[in-house]
Structure formats: structure tokens, C-alpha cells
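> give the three-dimensional model of this entry:
(chains A and B)
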Amino acid sequence: MLDQIKQHVENLKRMGATYVDTRWYPFEESNSLVMWNGNLKDATLSRESGLGIRVLYKGAWGFSASSDTGDLPGLYTRAFDNARIAAQRITLPVRLAEKDAIQARFESPNRINPMTVPLGEKVAFLQQMDGKLNQPGILQRVAALNFVRKQIIFVDSEGSEIEKQITEVFVQLNVMGVDAQGQMHERSFTLGQDGKDSRGWESVDPILFNETAERLVQELGEILVAEPCPKDLRSVILLPGQMHLQTHETIGHALELDRILGYELAFAGGSFVTLDDFGKLRYGSEKLTARADATLTNSPGSFGYDDDGVLAQNNLLIDKGILVGAITGRQMVEEANAKAKRQIFDGSGGANRATAFYRVPIERMTNINIDPGTDGTLEDIIAKTEKGLVMDSPRSWSIGSNREQFHFATEIAWLVEDGVKKQVVKNPTYMGKTLEFYNSLSAVGDASTWKVEFVNNCGKGQPNQIMQLGHGVPVCRFDAVRVGE
Amino acid sequence: MSAHQKDRIIDTLQALRAYALEKIAGRRLEIGLYYHEEDSYLMRFANSAISLNTNEHLIRLDIDAVEGRKRASYALITDLNKLDEMKHGVDTAIELVQHAQPLNYDPSIPRYRESFSDESCFEPALAEISNEERLAFFNQAVAGLETAELKASGIFSNGSTTIAMLYTTSEHSQFFRHSDAQVITVLAHSELKWEVIAEASAQRKADLDAAKLHRELATLVRLYQETPAQQLPLGKYDIVFGPAAIAEMASIMRWIGFNGGSMKRGFSFLSEAQLGQKVLSAQVNLSDDPSYRETFPFQRDYYGMKRDGFSIFKQGVFQGFTWTQDDADEFQVQPTGHTISHASLVLQGGGQAVASLQELLAMPRERDLLYIPFLHYMNIVNPSKGVITASSRFGALLLKADGSVGIPYNVRLTQSLLDVFGDKVAWLSKQTEAYNLSASYGRRNPMAMLTPLYMRVNDLEISHSNTSY
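Numbering: from 1, shown residues only, chains lettered A, B, ... in the order given. Okay, the predicted model is just below:
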């Protein structure tokens, strides 16, 4: 198969293609198990395989994909024809940043392949969690396991040949209850890195989950009898369970270079960031340093090599509050440098990824992290907060089309008054303008508060793609934020 | 797809059924086969160029095994030449179900009494539009409107979806095939960052009208080029929503409104006590009506239940929850034929004669009206109260009482659907159109809702107002 792929890649080169690559998935297996109120509602195993072919011809992309490997010549021809038609409407011919030809192999760290764990053992874990969550006052309880294991073989016309074996584990617990006014509230937990250096079945740690289940039930009980969130201006202290999504939506998406260059305007939206802003824009206070780090051990945002065949990297995005970088692949850095008429980017940031063999790679977040700060522990930050809310876990999120403003609701919040964390309030929300918000960043927790959270459902692109990634973030405090609306 | 190809699909499923029957002989076990084939084409535009031109041909097979109260599934992407791989899938599903945990209710299993085939919503001419035609259509829609600063983007997505189902409970099968197209055209200013949109949904090729898209874009571009933008003061506005905004808000009620399973699980702003009660404006008539081909309808649900028109709100009075078979089994109610990948939502037009953006602009108005055609990034803040939040996008206008038109920066609305569709509704337009709600996150599932072109709602508050785009 590999020899046939290489031969077809060469054939298209001879036909005039300037670049060709193929991602061959010999297999992608996934296993989804959902237990809802004690019922195993979903027990699905799935398997797929196929090829995706990307062709660059006269500065335009064509793509074709199929699970049917019986007609490879036809598949490559369709990709080439798609590029040939696309070349009839180009404004700036696609150029790809230089990269090395790489022969390599990557395997995400795991000790126990979750696909080999007997179904009975997985169901027993869910039953155990269901039992822990089945407590008075809990109306709905959900425990869910999702595993993915896939092999990807990447071959391009520049001499790269990369094999990746990716293993992903996602686990979620959720409890819901209704308060005296008939309103539903929830508490949830999604497994992150949680101190583990690998993400096989071994990352499903019963001790962690037992403790977490008890905490969720207790916190939901507090929410159900809580007073409503106040409606005013105050500090918000975001725990990693919320800070990761704040980072995701208003730093991550805002700094995807394809969005900045207008490639998502018909769907996901653009960005308030312009090419002139790099090196100059004060994105946040001096306490804010953000990076795209695909080299973290154990995170879905770490993948060895991206789908351009570029080595994973750790790149600064925001340095002490100043915008310095973006989330990039090979195509966009060339286009950005050309449009800016200056060298903003030295090369690809290694962040071009596709969700499946039948989707084309686009700029995706890797691990978009905030560096730990020097403002101590969570308790230290609370102690120095006069009037605030400690907030955790997203309940809803809605962001402006250029990522310029946002509205979040969280599952839980605790009042802070005169340096003391007090009672829980319900239906907490906050909203703001992105730059104003990050420039109000007044405290960043130390390494003890830093946690890598996993995201299993980042959507972008047309055709749409769901991507997995991570965010390593500390506790952060922002001042003068509108809450309760 | 030829008749031969249809026969090949059914024959393959029958061969698999025969294999499954052998495997389950003597056991209280049933196997379901769900076949999904998509032939998808998508031309994507950005910065006035084709940024991607793609096609995918994918065949998925879901194999469900049900043994008493135990249930498990195996899903694969495959092709019709791989019968052995599919048989292995049957084996795997049978193996899986042995390890599943019993439900605390009895799940129903489809038992088709007759074979059913519906290809009335399939038109080869639409499904097989060529690359050249896609490009020509887009070029016509934006002709003469692009400039050095004003860039065109969008998509032309079309294709076909074939679904076939067969169970070991019966030799009868169900077969559905749809053709669909979704066109989005956007013109965005690269410096000022304003953006306007025109969209189309098609079930037949004749539904596509590039000239209509061009007219809408040209009108909006002229207004945006002539008029400086302004930040709106926070406060209450009389808002006219366009079809995209109406469809997004109405369709989210599928999750937090009239879905019976959601209601039982506490995710709904509607309760059983509200059945027969007036909940929304008397002008609101919402139904699930598969007689409208524009909604890519299913005449039968996946359990073989015949789908007739199903009234959800009649003159604002709540008529009934929709129930999937699984939720009906769990909560011991009657299913309503909603075990389906999408309903055919129809919000009937009202009494206001306004049939185009040009007519809306020309309408006399006693107060300023904020026109919001599109809501970006809608999310549910509080399902129990039906509170959603979203921002305006793509061509909002301030229609001033003096007849002039202003351009507002985007604003945020955080509102209850009970207010948006409640007594604050001033009018709905007579004219309706199909708004395409398709998303391509997973398998192709063309979806559209029939909605009034415009709906005016008075006294809605905006909670945030941008100072720029």
C-alpha cells in the first residue's frame, strides 16, 4: 500500500502538481460508553480506515478522500481535478513555508491500550461511578468513557514519511439537580492530565474519580440551595476548569492565523487581531504569558508531527502581555509574511491538523497554555481579593465573531468578600471585551495552581471538524468584570 | 445512484441479515443494520479565491445488537465490496452485547411490516452538480461586488445522502435518499471588518437562484459602503430578526423546549403542566411537517412509524412533546415518530406583507427598528428558563423611524425564548423560506427549517454593544 501511495504521489508531481501529500489511516478505532442514570445508553465500538489526498496545483488546493482503497488512481485523479478547477479562482497562489523532509515515528505515551481493556471492566468502572453519583438530590447522573486509537501514515512529495500512533482517553462525570424554583443545575468533571505522564487506561484513576464524584455531589447540593449570582462589577478568579475555556475561546481561536487572514469568515468568524499587531499589541497585562506548546507530555494537543509533516513545537504567543506569535501551519505563515511585507513568522508553527482521513488539515490549537505566575496559591489570591467570585466549569459560552467580546456562564461560583471565600451562588455568569479583560489580569497563580485540561470538542472549518487539544493554565484573577447578566 | 446501486445496497444488507440470523439462531437476540452513504462535494471560498475544493465518498454501517434489555453497537466506515468486514462487524456487535449492562426498561426493536422506499427528495441534477457549475454559481452571486478591500468567501456544498435500514426482526427494509445543497456567500471588508451574507438552501437544482443572492448582497454592500457604523446605546430595542436568526432560535427549542426526553431530564423550559396552555405568542404556529420537501423530510421514522404533520405550538398553545422511541420506552409514553436524524420544522408565516430585504427597508415604521439577520455562536445560558445568548453578525441594520438606515456594530442579546417568541412578537412576515441548518461535523445530514423571512419582536434588551467590528 505504501509503495502504491508513493507512486501515485510521484505521478501527480509529473502531471504538474507542486505538492502532494497523503494521510493513510490503516485504522482508527474508537469506543464510546455512556451510562446515564444507571442505564448503559451507549456502548459503541467503531472502526474506520481510508485515505485523504491533498494536491497543490498552480497555487490552489484540491482534496479527495475515500474509505474505498480499491480505486487509488481514481481517488488521486479526483484530488488533482479538484485542484485544477480551484486554480481558476485564485488571488494569492498558495506557497508553503520550507520544512525538512522527515522520516520519523511518534506514539503518544500510554502503558495500557484502552482498546484492549475488556468491555466488562469498563462497564464496571461506569457502574462504580454511577453508584457514587446516585445520591439524594441528584436527578440526573452521567458517567462517560471515550477512547480513540489510530494509526496515521503521512507521505508527501517532499520526501517526508511519518507514522503516528495516537491514543486518546476522555472521561466525564456529570450530575444534575433541580432547585426549589424548578431550575436545573449541574456539576461536571472532565479528566485532564491530572499529574499523569501517559494517557492509556492507566489514566482512569479510581481514587481520583471516587474523590471527584463525592465532590461533585456535595457541590451540586450547595448550588441547589444557593442564592442567585449578584449582578455587579467585581473581580473574577477563574479556576483552571474555567480558565482553560476562557483561554481557548479568546486567545486560542483569536490567534489562529487562518482566522486572522480571513479564511473562516464564512463560518467560524475572524479575529480582532491584525498582522500589524504582532510585536506591538498589548493583549494583556504584564502577568500574561501564553504559548502554543505541542511538546507537553500527555495531552491531546501533543501529536509529534502535524499534518503538514512539521515537528511539534513550543512557541510563545503572548510575552508579558505583548502579542508575539500565532497558531500556524505552512501555508498561512507564507501568506501572512507576504501580506505584511515583513517577516513576522520564521516558519510553520506545526499546528496544521485534520480530524480524520476525510478532512483537510487546517490551523488548530495544540496546547494553548498560560505560564504560571508569581502570585502564589489559590488561597493567596483569594486572600488579596476584596470583592470577587471564584468561578469554575463552563456551562455556556458565546463569543463575538471576531473574538472581541464574550459571555460565559459557569456551573458554580463562590463569593469572595474581604479576602475570604464564602458561600456558593447559582447561575453565575460573566462577560467582557477580550483586550480589556486580559489587561485587567491582576494575579496569576503559581505552579501549584497550574493544571492541563483536555478539550474533546473544538469545532472549526467547513466541512466541520472536531479536534482534541489541551490547555495548561493556572488560577487567574481579573478585575472589574461584569457578572450576573 | 442507479436502481442497480440501490438493489446492491439492499442485497448487501439482506446478505448481512441472513448471516446475522444464522449467528443469533436460538438466542433472544436481534440485529439492526443502519447504512449511511454520503457523496459530498464542497467548494470553499476565502479572500476571493477557492481555498478548498473537496469531495468525500463515505459509507458507514452501524450494527446494533439487542439482547433483551442489553444493547450495544458497532460502527464502521466501509464499502460495499467488503462483505467480510461487515460480517466481522456483526460478530463484534454480538460479542459486545454480551458484556453490556441491562437497561432498567425494555428497549423496542424496529419490526417493519412492509418495505418502504422514498427517493422523492432526491434529484440527480442537484446531487451531481459539477465543479464548473459550483464555481459559475458563486461567481454570478458575487459578480461586480468584489474590490481590493471587499473579499468574497463562502461555500457551495452539495451532495446526496442514502440511508437504508434492515433488522433481523423482519425481511422488510427502509430506504431513503436525499439530494441537497447549501450555499453561503459572504462579502467582508478586509480593513473595516464588516461582513454581509446571503444564503441559499436547495433540495432541487431549480431552488438555486444566484441572482437573488446577488441582489441581497448588493443591497447590503451599498448600505454598508454608504453609511458609517455606530455603536448602539445599551437598552431595549424593537428587533426584526431575519430567517437565519429565527431558524436558529426556533430550532434550539428542539433541545430545550419540546423534546420529551429533555423535559423529563430537566433540560426544558416547558413542562407537562403547560400542555394545552398558551405559552408563546398567538402568532406562533410551529409544527414538524414532513410534507415540505424543502426540509429534506423523512416520511417514516427509523422504527417504521409513519410521520404526519405534528403540531407543536398552535396559536401559541403548546400541543405536545416529541418523543424518540428510546425516550418513549424509558419514560413509558407513546412515541411520536421522532426517532429520526432531523425533524421538518415549519414556523408558519404571519400577517405582515414583507417579502424581501428591499421591502423591509421600504416599510414605514413608527419607531427605530434593529434588524438582526443572523445570530453568531448561540448558546444556552439557562435551559430551565429558555435563556440563550448570541451576538448579531452579518449585516445588521438600524432602520430609523425617519426612513434612513444606520449601520450598527454588533450587539449581544441574552434573552429567554419565552420572550423572543412570546407576547412581545409584533408580527411575522407572510413570506417564508427554507433556511439551511445543516452542519457537517459528522455524517451528512441535510437539514432545513421553513421560517418566516422576518419576525418583529418589541422591547428586547441588548446587553453588550461593540465599539467596532
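> all contacts plus neighbour counts: C-alpha atoms, from now on.
Noted.
> how near is residue B:201 to chain A?
To chain A, residue B:201 is 15 Å away according to CA to the nearest CA, to the nearest Å.
> hmm, who's touching the strand or helix carrying that residue?
Assigned by DSSP states H and E, residue B:201 belongs to strand B:195-202. Contact partners of strand B:195-202, identified using CA atoms under 8 Å, 6 or more residues apart in numbering or on different chains, comprise B:180-189, B:207-209, B:213-214, B:216-217, B:220-221, B:294, B:393-395, B:434-436, B:448.
> keep only those of those that are in strands.
In strands, judged by DSSP state E, the following of these are found: B:180-189, B:393, B:434-436, B:448.
> pick out whichever of those residues sits closest to residue A:185.
residue B:393 (30.2 Å; CA to CA).
> element containing residue A:422?
Applying DSSP H and E as the criterion places residue A:422 in strand A:420-426.
> other SSEs contacting that strand?
If you count contacts as 3 or more CA pairs under 8 Å, 6 or more residues apart in numbering or on different chains; DSSP states H and E, strand A:420-426 packs onto helix A:206-224, strand A:227-228, helix A:378-383, strand A:405-417.
> follow-up on the earlier one: selecting buried members of the contacts of strand B:195-202 in ChimeraX, what would you type?
This is how ChimeraX selects the buried members of the contacts of strand B:195-202, with burial counted by 16 or more other CA atoms under 10 Å in any protein chain shown:
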select /B:180,181,182,183,184,185,186,187,188,189,208,213,214,216,217,220,221,294,393,394,395,434,435,436,448
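> please list which of the contacts of strand B:195-202 are also close to chain A.
For chain A, the contacts drawn from those by CA under 8 Å from any CA of the partner chain are B:184, B:185, B:186, B:188, B:393.
> residue B:266 contacts residue A:185, doesn't it?
No: applying CA atoms under 8 Å as the test, residue B:266 and residue A:185 come out as separate, 9.1 Å apart.
> between the two, what contacts are shared?
residue A:178.
> and stretch A:154-171, how far out from the chain's middle?
How far stretch A:154-171 lies from its chain's middle: 18 Å, per CA atoms, centre = their mean, to the nearest Å.
> any idea of the mean pLDDT in that stretch?
Regarding stretch A:154-171, the rounded mean pLDDT is 97.
> can you list the low-confidence ranges for chain B?
Scanning chain B for pLDDT under 70 picks out B:1-2, B:440-441.
> show me the domain layout of it.
Domains of chain B are assigned by automatic domain parsing as B:3-226, B:229-465.
> name the helices or strands packed onto the lengthiest helix in chain B?
The helix that spans the most residues within chain B, counting by DSSP state H, is helix B:3-24. Where contact means 3+ CA pairs under 8 Å, 6+ apart, helix B:3-24 is packed against strand B:29-46, helix B:83-99, strand B:150-167.
> after the first one comes which helix or strand?
Downstream of strand B:29-46, the next assigned helix or strand under DSSP H and E is strand B:49-67.
> and the angle for the longest helix of chain B with strand B:29-46?
140 degrees (axes from the mean of the first three to the mean of the last three CA atoms, to 10 degrees).
> off-centre distance for helix B:3-24?
How far helix B:3-24 lies from its chain's middle: 31 Å, per CA atoms, centre = their mean.
> restrict that helix to CA atoms and write it as CSV.
Output in CSV follows, covering the C-alpha atoms of helix B:3-24 (Å, rounded to 0.1, in the frame of the first residue of the first chain):
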residue,chain,number,x,y,z
ALA,B,3,-31.6,1.5,-9.4
HIS,B,4,-28.9,-1.2,-9.7
GLN,B,5,-26.9,0.6,-6.9
LYS,B,6,-30.0,0.7,-4.7
ASP,B,7,-30.5,-3.0,-5.3
ARG,B,8,-26.9,-3.7,-4.4
ILE,B,9,-27.2,-1.9,-1.1
ILE,B,10,-30.4,-3.8,-0.2
ASP,B,11,-28.9,-7.1,-1.4
THR,B,12,-25.8,-6.5,0.7
LEU,B,13,-27.9,-5.7,3.8
GLN,B,14,-30.0,-8.8,3.1
ALA,B,15,-26.9,-10.9,2.9
LEU,B,16,-25.7,-9.5,6.2
ARG,B,17,-29.2,-10.1,7.7
ALA,B,18,-29.0,-13.7,6.6
TYR,B,19,-25.6,-14.0,8.2
ALA,B,20,-26.8,-12.4,11.4
LEU,B,21,-29.8,-14.7,11.6
GLU,B,22,-27.5,-17.7,11.4
LYS,B,23,-25.4,-16.3,14.2
ILE,B,24,-28.3,-15.5,16.5
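> which parts of the stretch 101-250 of chain B sit against chain A?
B:101-104, B:131-132, B:153-155, B:184-186, B:188, B:190.
> farthest pair within the ones in strands among the contacts of strand B:195-202?
Taking CA to CA, the two most distant members of the ones in strands among the contacts of strand B:195-202 are B:180 and B:189; they sit 30.0 Å apart.
> which residue packs closest to residue A:174, ignoring adjacent ones?
In this structure, residue A:174 finds its nearest non-sequential neighbour in residue A:188, 4.2 Å apart by CA to CA, 6 or more residues apart in numbering or on different chains.
> also residue B:452?
Leaving aside its sequence neighbours, residue B:452 sits nearest to residue B:432 (CA to CA, 6+ apart; 4.0 Å).
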